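Participant: I need the structure of the sequence given here:
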Amino acid sequence: MRNILLVLSGPSGVGKGTIVNYLLEEDKSLVKSVSCTTRAPREGEEDGREYFFISEQEFRNRIMEHDFLEYDEHFGNFYGTPRSFVERQLKDHSVILEIDVVGALNAKRLMPEETVLVMIAPPSMEELEKRLSGRGSESEEDRKARLQRVRYELEQAHLYDYVLVNEESKITKTKILEIIRKEKEKHI
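Facilitator: Residues are numbered from 1 along each chain as shown. Reported below is the predicted structural model:
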């Protein structure tokens, strides 16, 4: 059986993080990809666990070396998925990567045989709004901006290998484990 790069995307608040945690608990052969960032570590964060914390110069050098499957800049800091890390992990494990649509499509372009794209969609816009409101972690303005991005993300779902509506995270996790098994058994 082959190892795969399982890329999960979906709107903010759809439950990707919860699903990833369930997947990692259920299947010990899975590992989560660790991204690089130029931001400083927050209290309790450990280099190589939450992120690889690197300088902006090192990040730019790695861009020039084509070592990122995808990268972006947010609020003055760079974030990116190191291709070298993913390739090393794929030798022994299937890798989960939780990224946005643009990054997911770039990963598929750079590693088409290994990458399996799964879009996690909300049951409805009303349910997504309720989940985002329930978080209480962002302002009304930020929540509205996130909801505007949802339409764009969901319009890209046809470019994904699988689209799952997340009514209940444990059920969605079971469906993803079935997808992983099926994809690992494929002969490319």
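Participant: CA only for contacts and neighbour counts going forward, please
Facilitator: Fine.
Participant: Figure out the helix or strand that residue 20 lives in.
Facilitator: Taking DSSP states H and E as the criterion, residue 20 maps to helix 16-26.
Participant: what helices or strands is that helix leaning on?
Facilitator: Counting by 3 or more CA pairs under 8 Å, 6 or more residues apart in numbering; DSSP states H and E, the packing neighbours recorded for helix 16-26 are strand 30-32, strand 94-98, helix 169-185.
Participant: Now the residue nearest to residue 39 when sequence neighbours are not counted, what are its backbone angles?
Facilitator: With CA to CA, 6 or more residues apart in numbering as the criterion, residue 39 has its nearest non-adjacent residue at 5.5 Å, and that residue is residue 77. The phi/psi pair for residue 77 (degrees, to the nearest 10) reads phi -120, psi 150.
Participant: So what touches stretch 14-21?
Facilitator: 8-10, 96, 98, 120-122, 128, 131, 166, 169-170, 172-173 (CA atoms under 8 Å, 6 or more residues apart in numbering).
Participant: sorry, back to before: quick one: neighbours of the residue nearest to residue 39, just the number.
Facilitator: A count of nearby residues for residue 77, using other CA atoms under 10 Å, gives 13.
Participant: So for stretch 74-92, mean pLDDT?
Facilitator: Across stretch 74-92, pLDDT averages out at 94.
Participant: about what we covered before: from residue 8, how far out is the residue nearest to residue 39?
Facilitator: Using CA to CA, to the nearest Å, one gets 23 Å for the distance from residue 77 to residue 8.
Participant: cool, and residue 59?
Facilitator: Following CA to CA, the distance that separates residue 59 from residue 8 is 24 Å.
Participant: Neighbour count for these two, which is higher?
Facilitator: The residue with more neighbours, out of residue 59 and residue 8, is residue 8; 25 against 22, by other CA under 10 Å.
Participant: right, and the more buried one touches residue 96 too?
Facilitator: Yes. With contact defined as CA atoms under 8 Å, residue 8 reaches residue 96; the gap is 7.4 Å.
Participant: Mind listing the shared neighbours of the two?
Facilitator: Counting by CA under 8 Å, 6+ apart, residue 8 and residue 96 have no shared contacts at all.
Participant: coming back round to it: can you list the helices and strands packed on helix 16-26 in JSON lines and add distance to residue 39 and mean neighbour count?
Facilitator: Below are the helices and strands packed on helix 16-26 laid out as JSON lines (distance: least, CA to CA, whole Å; neighbours: other CA atoms under 10 Å):
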{"stretch": "strand 30-32", "distance to residue 39": "20", "mean neighbour count": "21"}
{"stretch": "strand 94-98", "distance to residue 39": "19", "mean neighbour count": "22"}
{"stretch": "helix 169-185", "distance to residue 39": "31", "mean neighbour count": "16"}
